[in-house]
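Q: fold the following and give me the result.
(3 chains)
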Amino acid sequence: MKKEVQKKDIEAGYAAYVKPFTPKPPYLKNCLWAFFTGGSICTLAYLANNLLMEGGMEEKNAQTLVTVGIIMIAQLLTALGPFDTIAKTAGAGVIVPISGFANSMVAPAMEYKKEGIVLGAGAKLFTVAGPVLVCGITAATAAGVIYWIAGLF
Amino acid sequence: MADRKLGKQTVYFENGPFVAGGAAVVGRKEGEGPLSEWFDFRLKDDRYGEKTWEKAESKMLKEAMMLAMKKTGREKSDIDLVLSGDLLNQIMSSSFMARDLQLPFLGLYGACSTMTESLLLGAMLTKGGFAHNIVVGASSHFCTAERQFRMPVEHGNQRPPSAQWTATAAGAMVLSEKRSSIRVDCGTIGKVIDAGVKDANQMGSAMAPAAVDTILHHFADTGRSFADYDLVLTGDLGFVGKAIAADLLIDAGMDAGLVKSRYDDCGAMLYDRERQDVHSGGSGCGCSAAVFSGYILKRLQQGDLNRVLLLSTGAMLSTISPFQGESIPGIAHGVVLEVC
Amino acid sequence: MDYLYTFLIGGGICVIGQVLMDRTKLTTPRVLVILVLSGVVLQALQLYEPLVNLAHQGATVPLPGFGYALAKGAIEGAESGIIGVIQGALKATAAGITVAVAWGYLLALCFNPKPPK
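A: Purely as a prediction, here's the structure:
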């Protein structure tokens, strides 16, 4: 008896067939760019942090100020336009640091401003940031609750 | 009434309808591409003096239709019907174009296959005597499609090399029962073919099987082959999809030499691969609409081409279907234009 | 030496993100969520703190560092009871989130997206 061809077999077969036709991203180049831009952003942030502390600022405040600074610069670059051009080359180097999170808020908010400043820009500010905050806060609070319960005994 | 069916999926016409003419309006990037000089109007600014991208796209489509009427010497009052579509939710660009145009309007959705869908339906309506002059068209805009289907424009992300660039373009043709130099010979209505591709950055490979299916059915229904056409042109498979379609056609027994010399794709023609950063080529309704209405019609009118098979290719995904884990269904409709 | 660790670890985390984006079909938002969650989980297991001590901004500036800050706040809040847990995550990250929202919204209202070249 002939085995009937399954839909998923065709899909798998076609996926394997088109693979050689599909150009791959330049993995090594992308990773090198991500490594050097990402590393540089972190190092500059550390440098700024140390300079602030030398100026007499408390460590906690210096850290906060550095994070806030990166967010503000990234969002300004998004608003003025060059962020997406930089990200095209630097990739994860600017997307994975907090700058990517900052960019993901301004970009859709600007885009949807035409649909109103409340339901357009106001709501779309959270298209990407929303899921990140929701998942992050829920998971972190869950971890806190586990620690709290563990501390009761 | 004469039977106009041929085989399973093909309809044929005799003695018209005729394509009186057409016009293409393209965006800045498309206007800097290799086909630049063939387009009737090239925007300097993709916003086209409008407040929103959607209105800009709508205006481009309207402009293409007005130009097509003007070039063929027809007044608005001569037009019985407008058939058009685009990629946006509830075909916004077309509906808003029709709001301005104030002509009887039937909106179509065939994703990027809309140009040949409207051409084919328009030809059938004209042949059936339901209209004397019909304007058909389609449009797309990078900035409207991108934010609806992918990411906001300023969002920092890397497009993989297999991704395609939605063309900012609109094309329109005037179909008429009155004799002119180009006639619609026949058309093949495509089936929705889904090869199971789920990655929205691989539109070319998702649509290639649908294009090949329609081409093969067209040949089977009409008894023709590549040798009967000066050019077989798919809509927006891009560089990747074009290579896959060519390979599938040769695999299906088509002559390799003819496939190489007579098969091409609008998405692979619209941009300069080396100079313009478009990854795997153009896509969108406007891609095939502008190339067919601008470039191909003029080549036919000049007599460089005699008989062509045009197939706009569409990816029938919605904005929510990828999130529900659905793969991308493809479709392609073929129309044959012939110099007479 | 501290600068070297900052550079290497910061760059290394970005490479992990790059590999996730290039080699898998994950979209950018999903990658960001995964990175933040990984920071939360690692800190819950008390594995991220040592990395921060070693690499400073190299560990706190990338997104797992955001997850780390959220988790650290909630876990430290647990010492003062359940109210501390509830307040902890956002308290620890309040400055960043507030600036990102308010400054981002302000910029979005003042500027418009430009069509790509």
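Q: going forward, measure contacts between C-alpha atoms and count neighbours the same way
A: Will do.
Q: low-confidence ranges in the chain?
A: Unless you meant another one, I'm taking chain A. Within chain A, the segments meeting pLDDT under 70 span A:1-4.
Q: could you do chain C instead?
A: Using pLDDT under 70, chain C drops low at C:117.
Q: so where do the helices sit in it?
A: Using DSSP state H, the helices of chain C run over residues C:2-23, C:28-44, C:48-55, C:57-60, C:63-77, C:82-110.
Q: ditto for the stretch 51-200 of chain B
A: B:53-71, B:92-101, B:114-127, B:142-149 (DSSP state H, counting those that start in this stretch).
Q: need those in CSV (columns: mean pLDDT, distance to chain C and mean neighbour count).
A: Listed next are the helices of the stretch 51-200 of chain B as CSV, based on pLDDT from 0 to 100; distance: least, CA to the nearest CA, whole Å; neighbours: other CA atoms under 10 Å in any protein chain shown:
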stretch, mean pLDDT, distance to chain C, mean neighbour count
helix B:53-71, 97, 10, 24
helix B:92-101, 96, 18, 20
helix B:114-127, 97, 25, 27
helix B:142-149, 91, 7, 19
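Q: which one of the helices of chain C has the most crowded surroundings?
A: helix C:57-60 (a mean of 31; mean count of other CA atoms under 10 Å in any protein chain shown).
Q: can you name the residues that contact B:Ile182?
A: B:Phe18, B:Val19, B:Ala20, B:Leu300, B:Gln301, B:Leu337, B:Glu338, B:Val339, B:Cys340 (CA atoms under 8 Å, 6 or more residues apart in numbering or on different chains).
Q: out of the residues you listed, which sit inside helices?
A: Per DSSP H, the contacts of B:Ile182 map to helices at B:Leu300, B:Gln301.
Q: who wins for neighbours among the contacts of B:Ile182?
A: In terms of neighbours by other CA atoms under 10 Å in any protein chain shown, the contacts of B:Ile182 top out with B:Val19 at 28 neighbours.
Q: ok, the residue nearest to that residue when sequence neighbours are not counted to B:Lys71 distance?
A: Computed as CA to CA, 6 or more residues apart in numbering or on different chains, the closest residue to B:Val19 that is not its neighbour in sequence is B:Leu175, at 4.6 Å. For B:Leu175, the distance to B:Lys71 (CA to CA, to the nearest Å) stands at 13 Å.
Q: before we move on, what about C:Ile82?
A: Taken as CA to CA, the span from C:Ile82 to B:Lys71 is 75 Å.
Q: residues from the stretch 101-250 of chain B in reach of chain A?
A: Taking CA under 8 Å from any CA of the partner chain, the part of the stretch 101-250 of chain B that reaches chain A is made up of B:147, B:151-162, B:195-197, B:205, B:240, B:243-244.
Q: show me which of these are buried.
A: Buried residues within these, counting neighbours by 16 or more other CA atoms under 10 Å in any protein chain shown: B:147, B:151-162, B:195-197, B:205, B:240, B:243-244.
Q: quick one on the thing from earlier: out of the contacts of B:Ile182, which is nearest to chain A?
A: B:Leu337 (30.8 Å; CA to the nearest CA).
Q: skipping its backbone neighbours, what lies nearest the closest one in space?
A: Using CA to CA, 6+ apart, the nearest residue to B:Leu337 is B:Val184, at 4.7 Å.
Q: the one you found touches B:Val11, doesn't it?
A: No - when contacts are counted by CA atoms under 8 Å, B:Val184 is not listed as touching B:Val11 (10.7 Å).
Q: which one of these two has more residues nearby?
A: It is B:Val184, of B:Val184 and B:Val11, that has more neighbours when counted by other CA under 10 Å, with 26 against 21.
Q: now do the contacts for that one.
A: So, once contact is read as CA under 8 Å, 6+ apart, B:Val184 ends up touching B:Phe13, B:Gly16, B:Pro17, B:Phe18, B:Val19, B:Ala123, B:Val335, B:Val336, B:Leu337, B:Glu338.
Q: list the contacts of the closest residue to chain B within chain A.
A: Closest contact between chain A and chain B, by CA to the nearest CA, is at A:Asp84 (4.0 Å). Going by CA under 8 Å, 6+ apart, A:Asp84 touches A:Thr78, B:Val153, B:Glu154, B:His155, B:Gly156, B:Asn157.
Q: can I get the residues you listed in JSON lines with distance to B:Met60?
A: JSON lines is the format used below for the contacts of A:Asp84 (distance: CA to CA, whole Å):
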{"residue": "A:Thr78", "distance to B:Met60": "28"}
{"residue": "B:Val153", "distance to B:Met60": "20"}
{"residue": "B:Glu154", "distance to B:Met60": "23"}
{"residue": "B:His155", "distance to B:Met60": "26"}
{"residue": "B:Gly156", "distance to B:Met60": "28"}
{"residue": "B:Asn157", "distance to B:Met60": "28"}
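Q: B:Asp304: neighbour count?
A: 12.
Q: so how far is B:Cys287 from it?
A: Applying CA to CA to B:Asp304 and B:Cys287 gives a distance of 21 Å.
Q: where does chain C come near chain B, residue by residue?
A: Counting by CA under 8 Å from any CA, chain C sits next to chain B at C:Asp22, C:Lys25, C:Thr28, C:Pro113, C:Lys114, C:Pro115, C:Pro116, C:Lys117.
Q: is there a quick ChimeraX command that grabs whichever of these are buried?
A: The following ChimeraX line selects those of the residues of chain C next to chain B that are buried, judged by 16+ other CA under 10 Å:
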select /C:22,28,113,114
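Q: so who does residue 113 touch?
A: Looking at chain A here, since you left the chain open. Shown in contact with A:Lys113 (CA under 8 Å, 6+ apart): A:Gly120, A:Ala121, C:Ala108, C:Leu109.
Q: that's the other chain; I wanted chain C
A: C:Pro113 sits next to A:Ala79, A:Gly81, A:Ala107, A:Met110, A:Glu111, B:Val153, B:Glu154 when contact means CA under 8 Å, 6+ apart.
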